[in-house]
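Novice: sequence and predicted structure below; questions after.
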Amino acid sequence: TDLKIDRYLSDKLKTVSQDELISVHIWYKDINQNSVEQLVENECGFSKEEIAIEYEMPSVELISSYKNGDVSAKTEMSNYMQRTENLRTKEKQRTDEYVITRRNVSKSKYNEKSFEISNSLDIPEDKIIFRSEYAPTLIAELSRDEIERLKNDRRIESIEYYFPFESVDEEATDEEKTDSVIALEKDISNIVKVNDTLGLTGEGVKIGMIESSYPDKSHYSIDGANIINRGSNVRNEHSIDVARIMVGDTDGIAKNAALYSARNSREYRDNYEFDYTQFEWLLTQGVSVINVSYGLEASDGVDYSHTFPEKWIDHLVAYHNVTVVKAAGNDGDEYTRISVPGLAHNVITVGSYSTKLTSEVTDDCLAYDSGWVNSGESGDYEYDAIEKPDVIMSGEITKTNYIGESIREIIRVSNNGGNHTASGTSYATPFL
């Protein structure tokens, strides 16, 4: 049973008094996922495997006749495209119904099991810091005797010491830039191709965003966007920048998407803690992807390995049909480090690349300060065979009042109309 307790908690238990409370992460045996699937299938009337609808691709002969300008082929191809659009619409409706139903069923089952465990072990509600509705997780302040009872319970898989974290926005620099440098930083990619040529605008998509603040919806660049903030009053330019890249009125990559904004706001013993409730609120709103241009640094003396928040997010992605995209951080010039929760296996961790201020793409490389880790040991930390980032994107950006044909030319205009720039994995992440 001692294997259930991590070494930090084991050390802590040796130094505390009998009645002193210790904050711990509790991971219990998961609910029956097969049973959840069956309940969802019964409610929806179709299984997960039946969401996709098979259809036939147009024949080589039809495509050839269409290219040669055959009138009947054009009519047949037009009918084919309409049928395909109808089938894809039906697929999306099925997907949305399945995801929402599965999340609702899971919430019911997790609440049922977590209350069963806390009640049977006599853990009072005022000692519960967090009760997950989407994962087999409880966070509580417990005495040594209560931890001992947990350790001996077969339903409990692990108990870990609960460390606080320190908050950090993943923006590296913010400085003045000349017009000549602005021109050099233009990227060969452009959103015109995404929006106008491919017709992809984010219509019908729900995006989640975790920040240290909420985007100001009255800002001219996003005042026409569909943004739902969970709270109000706490705002900064960083969150406006990230929101504008995704859903900006004129230059957003997915400007017709609905953006749900949550703030990592809970404080714990003078440090910011990982706010599980914000992620779960986004899941309840039905988002399909969550952008995290924000990170947390572990306390001094804590290994930068796979932390409890990362284990928890891995579970969310695996079972609740959500994609989490996380900024790698900007400590690459000083440390081999990825900010929390960027070491999660199921999270897409995004680094940034530098153009070296040239128009050539052959000299582009990982930005000198972009966070990264290799598998195995590095310095004092062990990364459990995790290699990050998973992908690198444009993160060295120039902020102006429009994007035009450049993905790099973004966002912030100062009150006097001058341009300035910022860089970092914060801005690489929403592009992806």
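Specialist: Cool, got the structure.
Novice: for this structure, what's the longest helix?
Specialist: helix 71-120 (DSSP state H).
Novice: what's the first helix or strand after it?
Specialist: strand 128-131 (DSSP states H and E).
Novice: mind listing the strands the helix or strand just after that following strand pairs with, and their directions?
Specialist: Heading C-terminal from strand 128-131, the first helix or strand you meet, by DSSP H and E, is strand 137-142. Strand pairing for strand 137-142, using DSSP bridges, gives strand 22-28 (antiparallel), strand 128-131 (antiparallel).
Novice: now strand 137-142 against helix 71-120, angle please.
Specialist: Angular relation of strand 137-142 and helix 71-120 on a 0 to 180 degree scale: 20 degrees, by axes from the mean of the first three to the mean of the last three CA atoms, to 10 degrees.
Novice: returning to what we had before: mind checking how far the longest helix of the chain is from the chain centre?
Specialist: Centroid separation between helix 71-120 and its chain, computed with CA atoms, centre = their mean, to the nearest Å, is 20 Å.
Novice: which helices and strands sit right next to that helix?
Specialist: Contact here means 3 or more CB pairs under 8 Å, 6 or more residues apart in numbering; DSSP states H and E; on that basis helix 71-120 packs against strand 22-28, helix 33-44, helix 60-67, strand 128-131, strand 137-142, helix 276-285. (C-beta placed from N, C-alpha, C; glycine too.)
Novice: again, only using 6 Å
Specialist: The contact analysis (3 or more CB pairs under 6 Å, 6 or more residues apart in numbering; DSSP states H and E) places helix 71-120 against helix 33-44, helix 60-67.
Novice: which one of the ones you listed lies nearest to Asn264?
Specialist: When these are compared by CB to CB, helix 33-44 sits nearest Asn264, at 28.3 Å.
Novice: buried ones in stretch 136-152?
Specialist: 136-143, 146-147, 150-151 (16 or more other CB atoms under 10 Å).
Novice: now do the strands in the stretch 101-250 of the chain.
Specialist: For the stretch 101-250 of the chain, the strands defined by DSSP state E, counting those that start in this stretch cover 128-131, 137-142, 156-161, 165-169, 173-176, 206-211, 226-229.
Novice: so which of the ones you listed gets nearest Thr323?
Specialist: That would be strand 206-211 among the strands of the stretch 101-250 of the chain, by CB to CB, at 9.8 Å.
Novice: any idea which residue sits dead centre in the chain?
Specialist: Closest residue to the average C-alpha location of the chain: Val324 at 2.9 Å, with CA atoms, centre = their mean.
Novice: mean confidence for stretch 111-122?
Specialist: Mean pLDDT, stretch 111-122: 96.
Novice: in that stretch, which residues are buried?
Specialist: 113-114, 117-118, 121.
Novice: beta partners for the residue lying closest to Ser158 once chain neighbours are set aside?
Specialist: Using CB to CB, 6 or more residues apart in numbering and skipping the chain neighbours, the partner closest in space to Ser158 is Trp27 (4.5 Å). Per DSSP bridges, the residues bridged to Trp27 are Thr137, Ser158.
Novice: show me the helices in the stretch 201-350 of the chain, by range?
Specialist: Taking DSSP state H, counting those that start in this stretch, the helices of the stretch 201-350 of the chain run over residues 237-247, 276-285, 308-319.
Novice: what is the burial count for the closest residue to Asp145 other than its chain neighbours?
Specialist: Counting by CB to CB, 6+ apart, the nearest residue to Asp145 once its immediate chain neighbours are dropped is Gln18, at 7.2 Å. Using other CB atoms under 10 Å, Gln18 has 7 neighbouring residues.
Novice: ok, Gln18 to Ser143 distance?
Specialist: Between Gln18 and Ser143 the computed distance is 7 Å (CB to CB, to the nearest Å).
Novice: cool, Glu20 as well?
Specialist: 7 Å.
Novice: kindly report the same for Pro430.
Specialist: 44 Å.
Novice: swap in Arg230?
Specialist: Arg230 is 34 Å from Ser143, by CB to CB.
Novice: relative to Asp249, which of the strands paired with strand 137-142 is closest?
Specialist: Of those, nearest to Asp249 by CB to CB is strand 128-131, at 36.6 Å.
Novice: which residues are in contact with Val205?
Specialist: Ala257 (CB atoms under 6 Å, 6 or more residues apart in numbering).
Novice: what's the pLDDT at it?
Specialist: For Val205, the model assigns a pLDDT of 94.
Novice: please tell me how far it sits from Leu259.
Specialist: From Val205 to Leu259 the distance is 10 Å (CB to CB).
Novice: cool, and Pro430?
Specialist: When Pro430 is compared with Leu259 (using CB to CB), they lie 10 Å apart.
Novice: repeat for Gly248
Specialist: Taking CB to CB, one finds Gly248 at 10 Å from Leu259.
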